[in-house]
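1. could you look at this predicted model? Sequence included:
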Amino acid sequence: MPDKSRKRAAKVPGGTGATAVGAAPAPADAGTPAEVVTGPRRSPGPRVRPKNGLDRFFSITERRSTVGREVRGGFTTFFAMAYIVVLNPIILSGADVAGNTLPFASVAAVTAFVAGVLTIAMGIVGRYPFALATGLGINAIVAVYAATQLTWPEVMGLVVLEGLLITVLVLTGFRRAVFEAIPAQLKIAIAVGIGFFLTIIGLADAGVIRPGSPLISFGVGGQLAGWPLLTFVVGLLVTSVLVVRKVRGGLLLGIVVTTLFAIVVEAIAGVGPRVGPDGNELNARGWALQVPSWPDDWFGLPDLSLIGNFSLFGGFERIGVLAALLIVFSIMIADFFDTVGTVTAVGAEGDLLDEDRNLPRSQPVLLVDSLAAAAGGASSISSNTTYIESAAGVGDGARTGLASVVTGVVFLVAAFFTPLVQVVPSEAAAPVLVIVGAMLISQIRDLSWDDMSLVIPAFLTIALMPFTYSITNGIGAGVISFVLLRLAVGRRRDVHPLMWVVAAVFVVYFALEPIQQLL
């Protein structure tokens with residue numbers, strides 16, 4: 001499938017595929033069949049013949065990639081998001097309204113297992129390098145509902161319903177239509193905003209920024225104190241050098257080198273964890289999530305007993321139909337637009353979008369993502385969604401679904417080796433997120449800056465994503481302000497009819513709290 005949007009091959013340091021919008025990435029691998037150009041791209045020549053069945057199925061050569069790059073990118077994505085295997089049980093470990101708690105080991109195993117199955121499905125059906133796992137923002141929401149209003153099976157039943165509703169929207173074509181109705185200015189802003197969002201996630205995971213007064217603080221007491229923070233700094237510098245030196249697999253190699261450094265540090269200094277099992281801080285200078293030490297037991301059969309532990313309509317019986325529907329609506333909006341933002345940003349990073357900044361053949365991708373939401377609820381680990389950390393694998397060269405298959409297989413293996421996954425500390429993966437954030441932010445050059453009715457929506461989209469820790473909030477603010485301001489300057493015809501619908505939905509979404517109080 002020739003990409004008509006490729007106009008200039010704007011190489012970025014590292015040769016990892018990060019490009020300006022509409023630019024063709026410059027692969028670092030020798031032997032790639034496409035010619036790397038630095039001037040205007042000529043019209044597509046004869047279609048390159050696939051080398052074999054695997055190449056043909058995943059369009060590896062067509063997207064100017066190689067099997068080696070796909071495998072490497074798949075591993076990079078896994079290590080960038082492997083933290084979810086540990087973090088998800090931590091978030092979901094609180095008791096629900098009935099006083100029941102979820103077993104940590106089982107949540108970890110099911111999280112890895114379901115992520116593996118769904119990511120493989122995305123690779124085979126969607127054929128793009130997107131990985132899926134439990135959505136952090138969504139599982140934080142459902143954890144609150146479980147603690148205050150519903151039992152865990154009841155809230156998971158509502159998650160299943162929202163996933164099925166989104167699936168219906170995909171099958172009717174509505175979800176793709178909304179995706180394509182978003183104007184190019186906002187799509188660029190979404191990618192840039194997610195770049196900042198990834199950077200904030202990386203810095204927070206490493207402990208460089210922490211909750212403080214008035215908003216956030218720098219390190220420990222205003223200083224980069226402690227061995228874990230030093231590990232992050234070392235990892236950031238090493239990985240940056242590897243990327244700018246155009247070392248193949250620089251992002252993955254950076255994670256490996258930083259992890260080995262962390263293991264040595266822990267063996268010598270005995271730092272220990274930052275937070276205890278009860279969630280209280282033990283040592284401000286400790287490791288954020290995983291302590292990088294060799295586990296006593298590497299292998300164990302995964303406990304998958306949580307799968308199927310949900311009550312489809314129990315929530316309606318406990319809190320009433322209207323209150324339950326409002327919960328379904330809030331989760332569905334977060335699921336719906338998080339994926340829009342992720343697909344846009346990762347697709348732009350891999351030069352996979354067309355001239356209108358839409359993802360070609362997006363219907364299978366959206367279908368797998370919507371079914372993943374229902375599958376996550378049915379497995380009792382919260383809604384699964386496409387992960388923005390997929391950009392790490394794309395930044396390391398992944399362009400096809402083969403990378404997702406690799407990521408999924410490693411997740412399945414991780415379900416049997418959960419203790420081994422915990423060897424990689426978040427401080428070792430965080431540098432990659434910061435560097436990928438820099439790659440995405442470079443697209444800011446393609447925004448329109450001479451019309452404030454376009455600048456303000458783009459700015460709100462970019463600012464609210466990292467500052468509210470939500471892709472959905474950023475998109476919502478951008479959509480509402482875009483519609484309002486284009487109307488204010490007499491450019492109503494620039495607004496796609498579906499954008500009015502989406503803006504109205506976001507108004508309801510942001511007003512859910514007062515609506516619930518009125519009801």
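-> Received the coordinates, thanks.
2. report the buried residues of stretch 238-253.
-> By neighbour count on 16 or more other Cβ atoms under 10 Å, the buried set for stretch 238-253 is 238-240, 242-243, 247-253. C-beta: built from backbone N, CA, C; applies to glycine.
3. and those residues, which is closest to Leu322?
-> Ranked by distance to Leu322 (Cβ to Cβ), these are led by Leu251 at 47.2 Å.
4. rewinding a little: now, which of the buried residues of stretch 238-253 lie within helices?
-> Under the assignment DSSP state H, the buried residues of stretch 238-253 contribute 238-240, 242-243, 250-253 to helices.
5. returning to what we had before: reformat the buried residues of stretch 238-253 as CSV; add pLDDT and distance to Ala375.
-> Output for these, formatted as CSV (pLDDT from 0 to 100; distance: Cβ to Cβ, whole Å):
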residue, pLDDT, distance to Ala375
Val238, 95, 37
Thr239, 92, 33
Ser240, 94, 37
Leu242, 92, 36
Val243, 88, 35
Val247, 85, 37
Arg248, 77, 35
Gly249, 77, 31
Gly250, 84, 34
Leu251, 83, 29
Leu252, 82, 28
Leu253, 88, 33
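6. could I get those residues as JSON lines with distance to Arg274?
-> Conversion of those to JSON lines gives the following (distance: Cβ to Cβ, whole Å):
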{"residue": "Val238", "distance to Arg274": "23"}
{"residue": "Thr239", "distance to Arg274": "22"}
{"residue": "Ser240", "distance to Arg274": "25"}
{"residue": "Leu242", "distance to Arg274": "27"}
{"residue": "Val243", "distance to Arg274": "28"}
{"residue": "Val247", "distance to Arg274": "31"}
{"residue": "Arg248", "distance to Arg274": "34"}
{"residue": "Gly249", "distance to Arg274": "30"}
{"residue": "Gly250", "distance to Arg274": "28"}
{"residue": "Leu251", "distance to Arg274": "25"}
{"residue": "Leu252", "distance to Arg274": "26"}
{"residue": "Leu253", "distance to Arg274": "26"}
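7. now, among the residues you listed, which is nearest to Ala415?
-> Leu252 (21.1 Å).
8. element containing the nearest residue to the closest one once chain neighbours are set aside, please.
-> Closest residue in space to Leu252, ignoring its immediate chain neighbours: Thr76 at 4.3 Å, by Cβ to Cβ, 6 or more residues apart in numbering. Following DSSP states H and E, one finds Thr76 within helix 67-81.
9. contacts for that helix?
-> Contact partners of helix 67-81, identified using Cβ atoms under 8 Å, 6 or more residues apart in numbering, comprise 27, 29, 54-55, 58, 60, 129, 131, 133, 248-249, 251-252, 255, 387, 389-390, 392-400, 402-407, 410-411, 414, 424, 429, 432-433, 436.
10. right, and the helix or strand after it?
-> Downstream of helix 67-81 (by DSSP H and E), the next one is helix 84-91.
11. show me what that following helix is packed against.
-> helix 104-121, strand 132-134, helix 136-148, helix 418-421 (3 or more Cβ pairs under 8 Å, 6 or more residues apart in numbering; DSSP states H and E).
12. go again using 6 Å as the cut-off
-> Applying 3 or more Cβ pairs under 6 Å, 6 or more residues apart in numbering; DSSP states H and E, one finds that helix 84-91 contacts helix 104-121, strand 132-134.
13. hmm, who's touching it?
-> For helix 84-91, contacts defined as Cβ atoms under 6 Å, 6 or more residues apart in numbering pick out 104, 107-108, 111-112, 133-134, 139, 143, 289-290, 421-422.
14. weed out the non-buried ones from those.
-> Buried, going by 16+ other Cβ under 10 Å: 107-108, 111-112, 133-134, 139, 143, 289-290, 421-422, out of the contacts of helix 84-91.
15. distance from the chain centre to the helix holding Thr76, please.
-> On the basis of Cα atoms, centre = their mean, to the nearest Å, helix 67-81 sits 15 Å off its chain's mean C-alpha point.
16. what residues of that helix count as buried?
-> For helix 67-81, by 16+ other Cβ under 10 Å, it's 67, 69-81.
17. check stretch 462-470 too.
-> Those would be 462-467, 469-470, for stretch 462-470 by 16+ other Cβ under 10 Å.
18. got the CA positions of the helix or strand of the chain with the lowest mean pLDDT in CSV?
-> Of all helical and strand segments in the chain, the minimum by mean pLDDT, DSSP states H and E falls on helix 418-421, at a mean of 71. Output in CSV follows, covering the C-alpha atoms of helix 418-421 (Å, rounded to 0.1, in the frame of the first residue of the first chain):
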residue,chain,number,x,y,z
THR,A,418,6.1,-13.0,36.4
PRO,A,419,8.9,-12.9,39.0
LEU,A,420,11.5,-12.5,36.2
VAL,A,421,9.5,-9.6,34.6
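19. just the residues contacting it, thanks.
-> With contacts defined as Cβ under 6 Å, 6+ apart, helix 418-421 is touched by 82, 85, 108, 295, 297-298, 414.
20. so after it, what's the next helix or strand?
-> Proceeding N to C from helix 418-421, the next assigned helix or strand is helix 426-441, under DSSP H and E.
21. which other residues reach that next one?
-> 18, 79-80, 83, 191-192, 194-195, 198-199, 201-202, 205-206, 228, 231-232, 235-236, 239, 251, 255, 258-259, 262, 288-289, 345, 349, 391-392, 395.
22. model confidence over the next helix or strand after it, on average?
-> Once the chain leaves helix 426-441, the next helix or strand it forms, by DSSP H and E, is helix 452-468. For helix 452-468, mean pLDDT is 94.
23. still on that earlier bit, would a markdown table of the ones in helices among the buried residues of stretch 238-253 with distance to Leu367 be doable?
-> Formatted as a markdown table, those follow (distance: Cβ to Cβ, whole Å):
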| residue | distance to Leu367 |
| --- | --- |
| Val238 | 40 |
| Thr239 | 35 |
| Ser240 | 38 |
| Leu242 | 37 |
| Val243 | 34 |
| Gly250 | 34 |
| Leu251 | 29 |
| Leu252 | 30 |
| Leu253 | 35 |
